[in-house]
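Trainee: sequence first, then the predicted structure:
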Amino acid sequence: MFDNVCKFLAESFSSDFATWLLGEPITLTQLSPSELSLEPIRADALIFLQSDEIILHLEFQTTPKADIPFRMSDYRLRGYIKFPHKRMRQVVIYLKPTDSELVYQTEFVLENSLHRFEVIRLWEQPTEVFFNSPGLLPFAALSQTNDQTRTLEEVAQVIEALNDTRIRSNVAASTAVLAGLVLNKDVIKRILRSDIMRESVIYQDILQQGLAQGLEQGIEQKAQDIAIKMINKGINLEIIVDVTGLTVEQVQKLQANTEDTQTE
């Protein structure tokens, strides 16, 4: 969910990100990873924005990964092949504090090849930077603040003052999701008004995921209830698997639990 929120923010508020990372509010449009011949699985975590002169490549990470330097080098070469005359600004943005040395890696070295990229550790960034633009507000609580709760309260005040209801809703929902990396959900619910978020695409996505998960859990629970009844009637394991759709391992575990209950 964190990846989806960051991608949404970068694509919806591209000029805010351009001002922050490029130093000027240039207009950026989305660049599909498929245009760089990237594999679908790897492309899901990427954000490419472009203008006539530059490509902004962003990667948001909650946990460090050892293959990031290679990937950044790989993406740069692919970008050069497709757009040889465009500069590429590559930035890895780490969201959550960590002691891992991986978040300090800014180079990929291979024999005589050297590729450099930028790294931003949000917890080291000045908090005031993220109050300059609506699209950056959700990152404020993850920045270099001594009081994350107080910072979130200040963010909430700025959000409520936004005139555009759509922007207000989307920024509030995005803020709630990202704040979950550093604050308790009860604190977040107390500070951010849920009624503001309800019309947000992010909120609706969370809601749909929750409903889908609940539906799946309900279906599995029903299958388990049926399996237990069949086990108690001594029905063959293969038949139980065929009727309920559970795996052999799941049914065997239910059988073991049922036997333990009966022997107590």
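Mentor: Thanks, I have it. Quick caveat, the model's predicted, so the values are computed rather than measured.
Trainee: so in the protein, where's the weakest helix or strand by average pLDDT?
Mentor: helix 40-43 (a mean of 51; mean pLDDT, DSSP states H and E).
Trainee: would you confirm that residue 193 contacts residue 172?
Mentor: Yes. Counting by CB atoms under 8 Å, residue 193 does reach residue 172; the two are 7.3 Å apart. For every residue, glycine as well, the C-beta is placed using N, CA and C.
Trainee: so the two - more neighbours on which side?
Mentor: Just comparing residue 193 and residue 172: by other CB atoms under 10 Å the higher neighbour count belongs to residue 172, 27 against 14.
Trainee: picking up where we left off before, next, show the common contact partners of residue 193 and residue 172.
Mentor: Common contact partners of residue 193 and residue 172 (CB atoms under 8 Å, 6 or more residues apart in numbering): residue 156.
Trainee: so who does residue 87 touch?
Mentor: 53-55.
Trainee: any idea of the pLDDT on it?
Mentor: On pLDDT, residue 87 comes in at 94.
Trainee: got phi/psi on it?
Mentor: phi -70, psi 160 (degrees, to the nearest 10).
Trainee: bridged to it, which residues?
Mentor: Taking DSSP bridges, one obtains residue 54 as the residues bridged to residue 87.
Trainee: moving C-terminal of the least confident helix or strand of the chain, what's the next helix or strand?
Mentor: Per DSSP states H and E, the first helix or strand lying C-terminal to helix 40-43 is strand 47-50.
Trainee: quick one: list the elements packing against that following strand.
Mentor: In this structure, strand 47-50 packs against helix 2-12, helix 14-22, strand 29-30, strand 54-61, with contacts taken as 3 or more CB pairs under 8 Å, 6 or more residues apart in numbering; DSSP states H and E.
Trainee: between the ones you listed, which gets nearest to residue 252?
Mentor: Residue 252 lies closest, by CB to CB, to one member of the helices and strands packed on strand 47-50: helix 2-12, at 36.2 Å.
Trainee: report the angle between the axes of that closest one and helix 14-22?
Mentor: Angle, helix 2-12 to helix 14-22, by axes from the mean of the first three to the mean of the last three CA atoms, to 10 degrees: 100 degrees.
Trainee: only the buried residues of helix 2-12, if you could.
Mentor: 3-12 (16 or more other CB atoms under 10 Å).
Trainee: mind checking the SS state of residue 66?
Mentor: In terms of secondary structure, residue 66 is coil; the call rests on DSSP: H, G, I helix; E, B strand; the rest coil.
Trainee: thanks again, I'm all set now.
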